[in-house]
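>>> here are the coordinates; sequence isn't available:
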């Protein structure tokens, strides 16, 4: 079976790291996600061109971590943050997830919808003439 490769789902997803926490936004849904430590390492490795299987190999001896990695990767795809690609260039860096493989923390994807209405505003077409700032249309 061919390896599974994932990349950030651009242009519908944007992600940035802030002090070890990765914040990813699905620009189509307006939901943003917090990905910390172990999850951020997995994200980085997948986006760098490592296969899902290469990440899984790092935790072959830990069934709990292996299952958590599988669920985490599925959540990344289901939430529109990453998409499967045919292949990638060979990764230029080693697996950063390897440093977490023996640890006890499992990867977690936290989602937040509290800014959804603001993130879905159309700043070009929903600008108030007096305020000059995007304003949601009233139904």
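Everything's here; your move. If you're wondering where the values come from, they're calculated on a predicted model, not measured in any experiment. Numbers count the residues shown, from 1 in each chain.

>>> how about the residue nearest to the spatial centre of the chain, what does it touch?
Nearest residue to the geometric centre of the chain (C-alpha atoms, centre = their mean): residue 81, 4.7 Å. Going by C-beta atoms under 8 Å, 6 or more residues apart in numbering, residue 81 touches 8, 9, 13, 15, 24, 26, 33. C-beta here means a position set from N, CA and C on the backbone, and glycine is covered the same way.

>>> So what does it look like in phi/psi?
Dihedral angles phi and psi of residue 81 (degrees, to the nearest 10) take the values phi -90, psi -30.

>>> From residue 22, how far off is it?
Going from residue 81 to residue 22 by C-beta to C-beta, to the nearest Å gives 10 Å.

>>> Could you do residue 90 as well?
Taken as C-beta to C-beta, the span from residue 90 to residue 22 is 23 Å.

>>> out of the two, which sits in the busier spot?
residue 22 (22 against 8; other C-beta atoms under 10 Å).

>>> quick one: the helices in the protein?
37-47, 52-57, 63-78, 116-119 (DSSP state H).

>>> what is the mean pLDDT for the shortest one?
Mean pLDDT, helix 116-119: 57.

>>> can you check the first one too?
Mean pLDDT, helix 37-47: 92.

>>> got the angle between that helix and helix 63-78?
With axes from the mean of the first three to the mean of the last three C-alpha atoms, to 10 degrees defining the directions, helix 37-47 sits at 60 degrees from helix 63-78.

>>> quick check, distance from helix 37-47 to the centre of its chain.
With C-alpha atoms, centre = their mean, to the nearest Å as the basis, helix 37-47 stands 8 Å off its chain's centre.

>>> Next up, phi/psi of the closest residue in space to residue 98 that isn't next to it in sequence, please.
The shortest distance from residue 98 to any non-neighbouring residue, by C-beta to C-beta, 6 or more residues apart in numbering, is to residue 58 (5.2 Å). Residue 58 adopts backbone torsions of phi -70, psi -20, taken as degrees, to the nearest 10.

>>> Residue 58 is in contact with residue 97, isn't it?
Yes: under the criterion of C-beta atoms under 8 Å, residue 58 makes contact with residue 97 at 5.6 Å.
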